[in-house]
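Asker: Sequence and predicted structure below; questions after.
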Amino acid sequence: LKLQGITHYWTELKRILSTQKAFSTVAKKVTPSVVNISTISKKKTVQPFFENSPFFDDFFGGRQSRRDRSLGSGFIIDENGYIITNNHVVDKAESISITLSDNTKTEARVIGKDPKTDLALIKIETKRPLNAVKFGDSDKIRVGDWVLAIGNPFGLDWTLTTGIVSALDRSLGEENGASIEHLIQTDAAINPGNSGGPLLDSAGRLIGVNTAIYSPSGSSAGIGFAV
């Protein structure tokens, strides 16, 4: 019995070490495919008490505006510089700045957006081939499978978090009444700034795009969602 116990613990230790090695291997392999996204958008400032006054323009020069900065994540899907992120990361952005894993900074332009799935395709110009993610098959994942998320939470570059698939086929409503369907729910930590980053299987293959969290505080509460 003692020998059986030692064998069991040794087997478990090897499994744990194997899992740790798999995660570190994934991080090293996938990190060059993940980008940080910084956007600047111009928003009008509403003056509710004065804007309808005939003297408003004289005193305030018309409606005032401010420039908002926001952070997000994305990942390279083609060596020529095509990048996937969330639509809400780049929607209405006047400028989109991309930082690659080697700290190279460049500007991106929007190729296409789909608010219904909260996905956007952007592109950067590059003189060298970039590292693209490998695609997995989200139809084959199961509840309980290990997953990894890489992104830019709170501006902390290339942060890796791990968890499992908590549920499948979740739906989220939006303010305009539309609903994003067939989401993957995960307990891998997803926070503001992770939006648009990749959700990966244990082999480092893309299975989802991190897009939302459910949290009373606005930070990770162990309930995140990926397209």
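Answerer: Right, received. Where do you want to start?

Asker: So what's the gap between stretch 133-153 and the chain middle?
Answerer: Offset of stretch 133-153 from its chain centre (C-alpha atoms, centre = their mean, to the nearest Å): 12 Å.

Asker: Next, find the distance separating the spatially closest residue to Val26 that is not a sequence neighbour from Ile98.
Answerer: Once flanking residues are discounted, Val26 sits nearest to Gly204: 3.8 Å by C-beta to C-beta, 6 or more residues apart in numbering. Placement of C-beta: from N, CA and C, glycine included. According to C-beta to C-beta, to the nearest Å, Gly204 and Ile98 sit 21 Å apart.

Asker: ditto for His182
Answerer: From His182 over to Ile98 (counting by C-beta to C-beta), the distance is 28 Å.

Asker: The two: which is more packed in?
Answerer: Legend: neighbour count by other C-beta atoms under 10 Å for His182 and Ile98, higher for Ile98 (21 against 12).

Asker: C-alpha coordinates for the host helix or strand of the more buried one, PDB please?
Answerer: Taking DSSP states H and E as the criterion, Ile98 maps to strand 95-99. What follows is strand 95-99, C-alpha atoms only, in PDB (Å, rounded to 0.1, in the frame of the first residue of the first chain):
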ATOM      1  CA  SER A  95      -6.100  56.600 -34.000                       C
ATOM      2  CA  ILE A  96      -5.100  53.100 -33.200                       C
ATOM      3  CA  SER A  97      -1.600  52.400 -31.900                       C
ATOM      4  CA  ILE A  98      -0.200  48.900 -31.800                       C
ATOM      5  CA  THR A  99       2.700  47.700 -29.700                       C
END
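
Asker: still on that earlier bit, who are the contact partners of the residue nearest to Val26?
Answerer: Neighbour list for Gly204: Thr25, Val26, Lys29, Val30, Lys134, Leu148 [criterion: C-beta atoms under 8 Å, 6 or more residues apart in numbering].

Asker: try Val110
Answerer: Val110 makes contact with Val90, Ala93, Ile96, Ala120, Leu121, Ile122, according to C-beta under 8 Å, 6+ apart.

Asker: Mind checking which of those land in strands?
Answerer: Secondary structure defined by DSSP state E assigns Ile96, Ala120, Leu121, Ile122 of the contacts of Val110 to strands.

Asker: export these to JSON lines and tack on pLDDT, neighbour count and distance to Gly144?
Answerer: Listed next are the ones in strands among the contacts of Val110 as JSON lines, based on pLDDT from 0 to 100; neighbours: other C-beta atoms under 10 Å; distance: C-beta to C-beta, whole Å:
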{"residue": "Ile96", "pLDDT": "95", "neighbour count": "24", "distance to Gly144": "37"}
{"residue": "Ala120", "pLDDT": "96", "neighbour count": "27", "distance to Gly144": "31"}
{"residue": "Leu121", "pLDDT": "97", "neighbour count": "18", "distance to Gly144": "32"}
{"residue": "Ile122", "pLDDT": "97", "neighbour count": "25", "distance to Gly144": "34"}
